[in-house]
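J.: Predicted model and sequence below, questions to follow.
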Amino acid sequence: MDLDPTLLARIQFAANITFHILFPAITIALGWFLLFFKLRFKATKDAKWMDVYFFWTKIFALCFAIGVVTGITMSFQFGTNWPGFMTSVGNIAGPLLGYEVLTAFFLEATFLGIMLFGFKRVPSWLHSLATLLVALGTTLSAFWIIALNSWMQTPVGFEMRDGVAFATSWFDIIFNPSFPYRLTHMLLASGLTASFLIAGISAYRWLRQDRSPAVMAAIKCGIYSAAVLIPIQIFVGDLHGLNSLKHQPQKIAAMEALFETQRGAPLVLFALPNEETKTNDYAIQLPKMASLFLTHDRDGEVKGLNEFPGNHPPVKPVFWAFRIMVGTGILMLIFSWSAAWCLARRNSLPRFLAIGLIPMAFSGWLATESGWYVTEIGRQPWLVNGVLKTVDAVAKVPSAMIGISLTLYLILYAVLLVAFITTLFYMARRAGEKGKDDSSPSAGQAIVEIIAE
């Protein structure tokens, strides 16, 4: 194989993170949804909330298991494909990854068993506490991973000695300039991912004539939470963009396909960026709107890629990934607000909206993945911005070796993804069949009867 081993190593890591992040994007927020379902049951004693809780607990467990396995596989690549990363900045990356395991993963793993299997074996308060701690663990995990990734984007609080980074302020390292925006953006992204997944899978059950109270409760919960979160996410995304403009202007220039520094920069809605000619072919743009959004001045100056010769990311993937993320966010806004209006007015969904919610169940995945591509590709050619270049961290591994493992990873991930989605809809059909059987009580009803006794 004559392919560049650096490119293959990058593709392999991208494939791993692309698949891995699908599952934390669900579990980070789904844990808090589970806590909400449990607390609603404790407050109302309505069996439907425990039906919702038990159905989504199974999906949480499935996502957690796949996320753990793929996370371990991904971390192996620091040693196999990217030894220069740990050699150069391991003094910072190592502790942050260690904190994630010690404070988050162990917390999740310890109390997950109680949450899944301890409902009839431990006091109710302890089971609720276990659900809370699992949700807290998923959020702590995101905290540490985002802290490391943000530091790689905006590194501070360290000094270099003979090519090795040494921490001078852990507070500055963790709470680096981009961290608050990235963490908030990611938590909201997870909330939207879980919201649309709950709404979409529940809409699928509803369309299959499962009209149990639990299904409608889940639909409302998913839709209303999405309707609240999406405008907040749009606002936070704008703040995040302004932060990137300050610290990573070359990334913003690539997102906007802006080749020349100019005042009154246009907002490019659609184009085919041409890096060879430094122009946008077939461009559809709004005059001066990029300057207005980015500088709050229609004649404000926005730096172009010409300011960063040989030191800016590839334009096309960043440009298109950003537009996919924004477009998906607009669809989320339209679907969630339309469905929320129908639920509030009619306490039901039009059939076309219910059908549309099924593919929208995975819209959070699309938005999250495209957002991560903007973040990670937009950092190139740096692995740690301004400190360590990607080409300086890669291992000298033959292309054939990386190509073989990459092929196996892609095949395995494709099979697992199909199996996961198939399992989701299988579980939804099974739950719907049980819901139609009036001769046997639901799980929630059985629990109410046990408590009553």
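T.: That came in fine, so what should we check first? Numbers count the residues shown, from 1 in each chain.

J.: send the alpha carbons of stretch 95-109 over as PDB?
T.: In PDB, the C-alpha atoms belonging to stretch 95-109 read as follows (Å, rounded to 0.1, in the frame of the first residue of the first chain):
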ATOM      1  CA  PRO A  95      -3.600  12.800  34.300                       C
ATOM      2  CA  LEU A  96      -6.700  14.200  32.700                       C
ATOM      3  CA  LEU A  97      -7.500  10.800  31.200                       C
ATOM      4  CA  GLY A  98      -6.700   9.200  34.600                       C
ATOM      5  CA  TYR A  99      -9.100  11.600  36.400                       C
ATOM      6  CA  GLU A 100     -11.800  10.600  34.000                       C
ATOM      7  CA  VAL A 101     -11.400   6.900  34.900                       C
ATOM      8  CA  LEU A 102     -11.100   7.500  38.600                       C
ATOM      9  CA  THR A 103     -13.800  10.000  39.200                       C
ATOM     10  CA  ALA A 104     -16.300   9.100  36.400                       C
ATOM     11  CA  PHE A 105     -16.000   5.600  35.000                       C
ATOM     12  CA  PHE A 106     -15.600   3.900  38.400                       C
ATOM     13  CA  LEU A 107     -18.600   5.900  39.600                       C
ATOM     14  CA  GLU A 108     -20.800   4.800  36.700                       C
ATOM     15  CA  ALA A 109     -19.600   1.200  36.700                       C
END
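
J.: ok, and for that stretch, which residues are buried?
T.: Of the residues in stretch 95-109, 95-97, 99-100, 104-105, 107-108 count as buried by neighbour count, 16 or more other Cβ atoms under 10 Å. For glycine as for every other residue, the C-beta is placed from the backbone atoms N, C-alpha and C.

J.: Can you flag which of the residues you listed belong to helices?
T.: The helices, defined by DSSP state H, take in 95-97, 99-100, 107-108 from these.

J.: which one of those sits closest to residue 242?
T.: residue 96 (25.5 Å; Cβ to Cβ).

J.: Helix or strand: which one has the closest residue to the closest one other than its chain neighbours?
T.: Residue nearest to residue 96 in three dimensions, not counting chain neighbours: residue 148, with 4.3 Å by Cβ to Cβ, 6 or more residues apart in numbering. Residue 148 belongs to helix 124-153 when assigned by DSSP states H and E.

J.: On the three-state scheme, the spatially closest residue to residue 143 that is not a sequence neighbour is what?
T.: Spatial nearest neighbour of residue 143, chain neighbours left out: residue 183 (6.5 Å); criterion: Cβ to Cβ, 6+ apart. For residue 183, the assignment made with DSSP: H, G, I helix; E, B strand; the rest coil gives helix.

J.: tell me which residues of stretch 119-135 are tucked away?
T.: Neighbour count says stretch 119-135 has 119, 127-135 buried, by 16+ other Cβ under 10 Å.

J.: picking up where we left off before, out of the buried residues of stretch 95-109, the closest to residue 27 would be?
T.: Nearest to residue 27 among the buried residues of stretch 95-109, with distances taken as Cβ to Cβ, is residue 108, at 8.5 Å.

J.: tell me the SS of residue 122?
T.: Taking three-state DSSP, the label given to residue 122 is coil.

J.: From residue 429, how far off is it?
T.: Using Cβ to Cβ, to the nearest Å, residue 122 is found at 31 Å from residue 429.

J.: what do you get for residue 283?
T.: Applying Cβ to Cβ, the value for residue 283 to residue 429 is 47 Å.

J.: follow-up on the earlier one: name the strands paired with the helix or strand following the helix holding residue 148 and say parallel or antiparallel.
T.: Downstream of helix 124-153, the next assigned helix or strand under DSSP H and E is strand 158-161. As defined by DSSP bridges, the strand partners of strand 158-161 come to strand 164-167 (antiparallel).

J.: Give me the mean pLDDT for the partner strand.
T.: Average pLDDT, strand 164-167: 92.

J.: and the longest helix along the chain, what does it pack onto?
T.: If you go by DSSP H, the chain has its longest helix at helix 399-436. Using 3 or more Cβ pairs under 8 Å, 6 or more residues apart in numbering; DSSP states H and E, the elements in contact with helix 399-436 are helix 5-20, helix 47-80, helix 179-207, helix 213-247.

J.: Rebuild those as TSV, extending it with mean pLDDT and distance to residue 165.
T.: Shown next, in TSV, are the helices and strands packed on helix 399-436 (pLDDT from 0 to 100; distance: least, Cβ to Cβ, whole Å):
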stretch	mean pLDDT	distance to residue 165
helix 5-20	88	20
helix 47-80	87	15
helix 179-207	95	17
helix 213-247	93	18
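
J.: My guess is the residue nearest to residue 143 contacts residue 150. True?
T.: Yes - the criterion here is Cβ atoms under 8 Å, and residue 183 meets it with residue 150 at 7.5 Å.

J.: neighbour-wise, which of those two wins?
T.: residue 150 (23 against 19; other Cβ atoms under 10 Å).

J.: Please report the distance of the more buried one from residue 185.
T.: For residue 150 relative to residue 185 (Cβ to Cβ), the value is 10 Å.

J.: where do the contact lists of these two overlap?
T.: When Cβ atoms under 8 Å, 6 or more residues apart in numbering defines a contact, no residue borders residue 150 and residue 185 alike.

J.: related to what we said a few turns ago, in a markdown table, list the buried residues of stretch 95-109 along with distance to residue 304 and pLDDT.
T.: Output for the buried residues of stretch 95-109, formatted as a markdown table (distance: Cβ to Cβ, whole Å; pLDDT from 0 to 100):
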| residue | distance to residue 304 | pLDDT |
| --- | --- | --- |
| 95 | 38 | 90 |
| 96 | 34 | 91 |
| 97 | 36 | 88 |
| 99 | 39 | 87 |
| 100 | 38 | 86 |
| 104 | 41 | 81 |
| 105 | 43 | 78 |
| 107 | 46 | 84 |
| 108 | 45 | 82 |
